[in-house]
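>>> Build me a model from this:
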Amino acid sequence: MTSTTSTFRHRLFNLISILYFAVLLFFLFVGFDRSGKAARSGYFYNLSLEPIAPFRFDGLLHNPFMLFQLGNVLAFIPCGLLLPMLVGWGFFRLTGAFVAGMLLVETAQMLTGLGSFDVNDVVLNTLGYLTGYLAWAVGRKFGGPAFGLKRAAYTAVSGLLLAGVVLSAPSAAERLVQGYTEGMTIGLERLQPSGASIRWTEVPAADLPDSSTTDEAQTSKLYAWSGAGTQTLTYELDGGYIRFHAYGTVQGGTGGGIRFILDGEPMYEFAYAGDNGDIFDTEKVEFDVQGAKRLTLELMRPGDGSEGKVLLWNAGLVERKH
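Below is the predicted model of the structure:
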């Protein structure tokens, strides 16, 4: 390796490191509308550890909690790749410093009002860091001490494999420990909710706003709201289901929406506003309900009270089967 090549790689590495940590600090203290959160009064914190959500990529974009956890892991994998080369400390010293640093970041977010102290963030960030560190260690062991193409290849391949293991482990552990399999899918129209009266109608699938969302010739479509304001529908689950899925949109009027709430925690929401007669997009909704006791649907009318309806179809709950 020539001196010129070595200098170029060193400068490129430093540039990548500066850019990465600048972007990371931006999202830790500026992004996600943190300035708006700073106006809140009081300190916000969470010291209760929560289980890592089993990642299911087919429903990832429709489960904000799962997407949030995934981002907290993936965003810190580069830390495990870059810090050993930047600092040169041993594993235990560097890992201890990383955890201490994350605790300081969480504390700073809480004290400044730019976020909250959440012990789960520290765990997920550390899991991402460890994934990157192991990939770095594998690359150094099998690719040699000098950082060239061979070492980069070993690091990249091991990083992808380790990330796959990390992301699939919660789902595998859940099935191993809880010993359940997926049972039948129960259509939401077959369950009796508490709250407002609703009407399910059997319609040809071709009449749906997006007929590609079902393979059935006939499907049950929910027409919701006939009065003003918000309707609330509550379904008692009692821990007997593992996943909820549906398609939905708003039809007629000037908009509206629906919020899906699981045991008091919002899981997903879609809402539209526009001119009377606008055609709104179709939403795919899917999230885990494992162990949940209650599913609540809040159907929201537009503020002007115009006529319209929330449409929901192919809505079902997958049973938990031992």
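>>> which helix in this structure runs the most residues?
In the chain, taking DSSP state H as the definition, the longest helix is helix 149-178.
>>> partners of the following helix or strand past it in the sheet?
Moving toward the C-terminus from helix 149-178, the next helix or strand (DSSP states H and E) is strand 181-187. Take DSSP bridges as the rule and strand 181-187 pairs in its sheet with strand 309-321 (antiparallel).
>>> so how far is the helix or strand containing A97 from its chain's centroid?
Using DSSP H and E, A97 sits within helix 91-112. A distance of 23 Å separates the C-alpha centroid of helix 91-112 from that of its chain, computed with Cα atoms, centre = their mean, to the nearest Å.
>>> Buried residues in stretch 258-275, which are they?
I258, R259, F260, I261, L262, M267, Y268, F270, Y272 (16 or more other Cβ atoms under 10 Å). Quick note: C-beta positions are derived from backbone N, CA and C, even for glycine.
>>> Contacts only, for the residue nearest to T155 when sequence neighbours are not counted.
Nearest residue to T155 in three dimensions, chain neighbours excluded: G139, at 3.1 Å (Cβ to Cβ, 6 or more residues apart in numbering). By Cβ atoms under 8 Å, 6 or more residues apart in numbering, G139 lies in contact with R151, A152, Y154, T155, A156, S158.
>>> now G139: how far from W89?
18 Å (Cβ to Cβ, to the nearest Å).
>>> What of Y45?
Taking Cβ to Cβ, one finds Y45 at 29 Å from W89.
>>> measure the closest residue to V30 other than its chain neighbours to L295 for me?
Distances taken as Cβ to Cβ, 6+ apart place L114 nearest to V30, at 7.9 Å, with adjacent residues excluded. According to Cβ to Cβ, L114 and L295 sit 33 Å apart.
>>> Next, the angle helix 91-112 makes with the helix or strand encompassing F142.
In the assignment (DSSP H and E), F142 maps to helix 119-143. Helix 119-143 runs at 150 degrees relative to helix 91-112, counting by axes from the mean of the first three to the mean of the last three Cα atoms, to 10 degrees.
>>> In helix 119-143, which residues are buried?
120-136, 138-140, 143.
>>> Local confidence estimate at the residue nearest to T155?
Note for G139: predicted pLDDT of 90.
>>> ditto for T2
pLDDT, read off for T2, is 57.
>>> repeat for the one 10 residues further on
L12 is assigned a pLDDT of 83 by the prediction.
>>> Spit out the contact partners of the nearest residue to L134 once chain neighbours are set aside.
Spatial nearest neighbour of L134, chain neighbours left out: L162 (5.6 Å); criterion: Cβ to Cβ, 6+ apart. Applying Cβ under 8 Å, 6+ apart, one finds that L162 lies in contact with T131, L134, A135.
>>> same deal with T155?
L81, A135, W136, V138, G139, G143.
>>> which one of those is nearest S168?
The closest of these to S168 turns out to be A135 (Cβ to Cβ; 16.3 Å).
>>> With adjacent residues omitted, what lies nearest to the closest one?
G159 (3.5 Å).
>>> Which residues are in contact with that neighbour?
I77, L81, T131, G132, A135.
>>> sorry, back to before: which one in the buried residues of stretch 258-275 is the model shakiest on?
For these, the least confident entry is Y272, with 82.
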